[in-house]
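Asker: Fold the following and give me the result.
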Amino acid sequence: MSELADQLYSIFSSSKFLNMEGLANEVPIFIQTYDVSEEDQMEALTRALASRLQNDGIKIAEINLFSLLLDELREEGLLDDLIADEQGFDREDLFQTLINYADPSSRLADRLAKEIENPDIQITFITGVGHVFPFLRTHTLLDSIQPIMMDHPLVLFFPGEYTQVQGLGSQLRLFGKVQPKGYYRAFNLDHYHSIIQ
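Answerer: Model prediction:
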(Lines give C-alpha, C1' and ligand atoms only; values in the text may rest on other atoms or scores of the structure.)
Protein backbone atom coordinates (compact mmCIF):
# COMPACT_ATOMS: atom_id res chain seq x y z
CA MET A 1 0.00 0.00 0.00
CA SER A 2 2.84 2.43 0.70
CA GLU A 3 4.10 1.93 -2.88
CA LEU A 4 0.61 2.68 -4.23
CA ALA A 5 0.35 5.74 -1.98
CA ASP A 6 3.63 7.09 -3.33
CA GLN A 7 2.59 6.37 -6.93
CA LEU A 8 -0.76 8.13 -6.47
CA TYR A 9 0.88 11.07 -4.76
CA SER A 10 3.27 11.37 -7.69
CA ILE A 11 0.35 11.40 -10.14
CA PHE A 12 -1.96 13.73 -8.19
CA SER A 13 0.71 16.29 -7.39
CA SER A 14 1.95 16.50 -10.99
CA SER A 15 1.08 19.59 -12.99
CA LYS A 16 0.09 17.38 -15.94
CA PHE A 17 -2.59 15.68 -13.86
CA LEU A 18 -3.80 18.88 -12.22
CA ASN A 19 -3.97 20.58 -15.62
CA MET A 20 -5.73 17.53 -17.10
CA GLU A 21 -3.14 16.99 -19.83
CA GLY A 22 -3.13 13.88 -21.99
CA LEU A 23 -6.89 13.34 -21.85
CA ALA A 24 -7.67 14.04 -25.53
CA ASN A 25 -10.61 16.25 -24.45
CA GLU A 26 -12.23 13.41 -22.50
CA VAL A 27 -13.96 13.98 -19.16
CA PRO A 28 -11.36 13.99 -16.34
CA ILE A 29 -12.71 10.99 -14.41
CA PHE A 30 -10.19 8.45 -13.16
CA ILE A 31 -10.58 4.99 -11.60
CA GLN A 32 -8.25 3.56 -8.98
CA THR A 33 -9.08 -0.09 -8.39
CA TYR A 34 -8.24 -2.16 -5.34
CA ASP A 35 -9.13 -5.53 -3.87
CA VAL A 36 -12.18 -5.36 -1.60
CA SER A 37 -10.20 -7.22 1.09
CA GLU A 38 -8.08 -4.04 1.35
CA GLU A 39 -11.05 -1.74 2.06
CA ASP A 40 -9.77 -0.53 5.44
CA GLN A 41 -6.24 0.02 4.16
CA MET A 42 -7.53 1.94 1.13
CA GLU A 43 -9.71 4.13 3.33
CA ALA A 44 -6.67 5.01 5.43
CA LEU A 45 -4.59 5.54 2.28
CA THR A 46 -7.08 7.98 0.73
CA ARG A 47 -7.34 10.00 3.96
CA ALA A 48 -3.55 10.19 4.32
CA LEU A 49 -3.12 10.99 0.63
CA ALA A 50 -5.69 13.80 0.79
CA SER A 51 -3.99 15.22 3.87
CA ARG A 52 -0.54 15.05 2.24
CA LEU A 53 -1.81 16.80 -0.89
CA GLN A 54 -3.65 19.45 1.15
CA ASN A 55 -0.42 20.11 3.06
CA ASP A 56 1.18 20.79 -0.33
CA GLY A 57 -1.52 23.36 -1.10
CA ILE A 58 -3.61 21.12 -3.40
CA LYS A 59 -7.30 21.49 -2.53
CA ILE A 60 -9.10 18.13 -2.27
CA ALA A 61 -12.82 17.38 -1.99
CA GLU A 62 -13.32 14.04 -0.23
CA ILE A 63 -16.75 12.51 -0.81
CA ASN A 64 -17.92 9.22 0.63
CA LEU A 65 -20.99 7.98 -1.26
CA PHE A 66 -22.46 6.26 1.78
CA SER A 67 -22.20 9.47 3.82
CA LEU A 68 -23.70 11.38 0.88
CA LEU A 69 -26.68 9.01 0.84
CA LEU A 70 -27.10 9.31 4.63
CA ASP A 71 -27.10 13.11 4.29
CA GLU A 72 -29.82 12.85 1.64
CA LEU A 73 -31.96 10.63 3.88
CA ARG A 74 -31.31 12.88 6.89
CA GLU A 75 -32.31 16.02 4.99
CA GLU A 76 -35.53 14.35 3.85
CA GLY A 77 -36.34 13.43 7.47
CA LEU A 78 -36.17 9.69 6.77
CA LEU A 79 -32.94 8.52 8.38
CA ASP A 80 -34.11 8.52 12.00
CA ASP A 81 -37.36 6.74 11.04
CA LEU A 82 -35.48 4.11 9.04
CA ILE A 83 -33.14 3.45 11.96
CA ALA A 84 -35.87 3.47 14.63
CA ASP A 85 -38.18 1.11 12.77
CA GLU A 86 -35.62 -0.93 10.84
CA GLN A 87 -37.18 -4.28 11.76
CA GLY A 88 -40.67 -3.06 10.93
CA PHE A 89 -39.89 -2.20 7.33
CA ASP A 90 -40.63 -4.61 4.55
CA ARG A 91 -37.26 -5.47 2.99
CA GLU A 92 -38.44 -4.75 -0.55
CA ASP A 93 -39.93 -1.38 0.48
CA LEU A 94 -36.72 -0.44 2.28
CA PHE A 95 -34.64 -1.48 -0.71
CA GLN A 96 -36.81 0.56 -3.08
CA THR A 97 -36.60 3.60 -0.79
CA LEU A 98 -32.80 3.39 -0.78
CA ILE A 99 -32.72 3.01 -4.57
CA ASN A 100 -34.93 6.09 -4.95
CA TYR A 101 -32.84 8.25 -2.63
CA ALA A 102 -29.55 7.01 -4.11
CA ASP A 103 -30.65 7.78 -7.68
CA PRO A 104 -27.78 9.85 -9.08
CA SER A 105 -29.77 11.41 -11.91
CA SER A 106 -32.49 12.85 -9.67
CA ARG A 107 -30.72 13.23 -6.33
CA LEU A 108 -27.09 12.41 -5.69
CA ALA A 109 -25.56 14.07 -8.74
CA ASP A 110 -26.93 17.44 -7.63
CA ARG A 111 -25.70 16.87 -4.07
CA LEU A 112 -22.33 15.80 -5.41
CA ALA A 113 -22.16 18.91 -7.62
CA LYS A 114 -22.78 21.12 -4.58
CA GLU A 115 -19.96 19.39 -2.73
CA ILE A 116 -17.43 20.05 -5.50
CA GLU A 117 -18.57 23.38 -6.97
CA ASN A 118 -15.95 25.37 -5.05
CA PRO A 119 -13.66 26.73 -7.80
CA ASP A 120 -10.61 26.26 -5.55
CA ILE A 121 -10.97 22.47 -5.55
CA GLN A 122 -8.32 20.81 -7.69
CA ILE A 123 -9.13 17.09 -7.22
CA THR A 124 -12.22 15.23 -5.99
CA PHE A 125 -11.87 11.83 -4.30
CA ILE A 126 -14.95 9.57 -4.27
CA THR A 127 -15.00 6.60 -1.91
CA GLY A 128 -17.63 4.29 -0.43
CA VAL A 129 -18.63 2.65 -3.72
CA GLY A 130 -18.95 -0.80 -2.17
CA HIS A 131 -21.04 0.50 0.75
CA VAL A 132 -23.84 1.82 -1.48
CA PHE A 133 -24.16 -1.29 -3.66
CA PRO A 134 -26.66 -2.54 -4.85
CA PHE A 135 -28.88 0.53 -4.55
CA LEU A 136 -26.36 2.74 -6.33
CA ARG A 137 -24.46 1.35 -9.30
CA THR A 138 -21.19 2.95 -10.36
CA HIS A 139 -22.07 3.16 -14.06
CA THR A 140 -25.20 5.22 -13.35
CA LEU A 141 -23.21 7.53 -11.10
CA LEU A 142 -20.49 8.04 -13.73
CA ASP A 143 -23.07 8.68 -16.44
CA SER A 144 -24.78 11.28 -14.23
CA ILE A 145 -21.67 13.17 -13.16
CA GLN A 146 -19.96 13.39 -16.55
CA PRO A 147 -21.70 16.69 -17.46
CA ILE A 148 -20.49 18.38 -14.24
CA MET A 149 -16.92 17.06 -14.27
CA MET A 150 -14.94 19.36 -16.51
CA ASP A 151 -13.14 21.75 -14.16
CA HIS A 152 -10.87 19.37 -12.27
CA PRO A 153 -10.01 15.66 -12.04
CA LEU A 154 -12.27 13.27 -10.14
CA VAL A 155 -10.84 10.03 -8.78
CA LEU A 156 -13.18 7.15 -7.98
CA PHE A 157 -11.67 4.54 -5.66
CA PHE A 158 -13.26 1.29 -6.80
CA PRO A 159 -13.23 -2.07 -4.99
CA GLY A 160 -12.99 -4.33 -8.01
CA GLU A 161 -11.60 -4.46 -11.53
CA TYR A 162 -11.56 -2.01 -14.41
CA THR A 163 -10.79 -3.83 -17.64
CA GLN A 164 -11.17 -3.64 -21.40
CA VAL A 165 -13.53 -6.22 -22.88
CA GLN A 166 -13.39 -6.72 -26.65
CA GLY A 167 -16.53 -5.39 -28.28
CA LEU A 168 -17.83 -3.92 -25.01
CA GLY A 169 -15.20 -1.34 -24.12
CA SER A 170 -14.25 -0.52 -20.54
CA GLN A 171 -16.00 -2.53 -17.85
CA LEU A 172 -16.14 -2.13 -14.07
CA ARG A 173 -16.57 -5.35 -12.08
CA LEU A 174 -17.47 -4.50 -8.49
CA PHE A 175 -15.74 -6.82 -6.01
CA GLY A 176 -14.28 -8.54 -9.09
CA LYS A 177 -17.54 -10.52 -9.36
CA VAL A 178 -20.60 -8.37 -10.09
CA GLN A 179 -21.56 -8.55 -13.75
CA PRO A 180 -20.53 -5.26 -15.39
CA LYS A 181 -22.93 -2.96 -17.18
CA GLY A 182 -22.43 0.06 -19.34
CA TYR A 183 -19.51 1.77 -20.99
CA TYR A 184 -17.16 3.93 -18.98
CA ARG A 185 -15.20 6.87 -20.30
CA ALA A 186 -13.06 7.02 -17.17
CA PHE A 187 -9.30 6.61 -17.23
CA ASN A 188 -7.61 3.73 -15.46
CA LEU A 189 -4.99 5.36 -13.23
CA ASP A 190 -2.56 2.52 -13.84
CA HIS A 191 -2.57 3.39 -17.54
CA TYR A 192 -2.57 7.14 -16.96
CA HIS A 193 0.55 6.82 -14.82
CA SER A 194 2.46 5.59 -17.86
CA ILE A 195 1.13 8.48 -19.99
CA ILE A 196 2.46 11.24 -17.74
CA GLN A 197 5.88 9.67 -17.10
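Asker: What are the boundaries of the helices in the chain?
Answerer: 2-12, 15-18, 39-55, 65-75, 79-84, 91-101, 109-116, 138-145, 189-196 (DSSP state H).
Asker: which of those helices has the lowest average pLDDT?
Answerer: Here the lowest mean pLDDT among the helices of the chain goes to helix 189-196, at a mean of 65.
Asker: for the chain, which strand is longest?
Answerer: The longest strand of the chain (DSSP state E) is strand 154-165.
Asker: neighbouring strands for that one, and are they parallel or not?
Answerer: Partners of strand 154-165 in the sheet, by DSSP bridges, are strand 29-34 (parallel), strand 123-127 (parallel), strand 169-174 (antiparallel).
Asker: Now do that strand against helix 138-145, angle only.
Answerer: On the basis of axes from the mean of the first three to the mean of the last three Cα atoms, to 10 degrees, strand 154-165 is oriented at 130 degrees to helix 138-145.
Asker: Show residues contacting strand 154-165.
Answerer: Defining contact as Cβ atoms under 8 Å, 6 or more residues apart in numbering, one finds that strand 154-165 is touched by 12, 28-36, 39, 42, 46, 116, 123-127, 129-130, 138, 142, 145, 170-178, 180, 184, 186, 188-189. For glycine as for every other residue, the C-beta is placed from the backbone atoms N, C-alpha and C.
Asker: now it, how far from the chain's geometric center?
Answerer: 9 Å (Cα atoms, centre = their mean, to the nearest Å).
Asker: Report the mean confidence score over that strand.
Answerer: pLDDT averaged over strand 154-165 gives 85.
Asker: quick one on the thing from earlier: can I get the strands paired with strand 154-165 in JSON lines including mean neighbour count?
Answerer: Formatted as JSON lines, the strands paired with strand 154-165 follow (neighbours: other Cβ atoms under 10 Å):
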{"stretch": "strand 29-34", "mean neighbour count": "21"}
{"stretch": "strand 123-127", "mean neighbour count": "23"}
{"stretch": "strand 169-174", "mean neighbour count": "18"}
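Asker: now for those, which one comes closest to Gly77?
Answerer: Smallest distance to Gly77 across these (Cβ to Cβ): 25.8 Å, for strand 123-127.
Asker: Since that was my last question, I'll sign off now.
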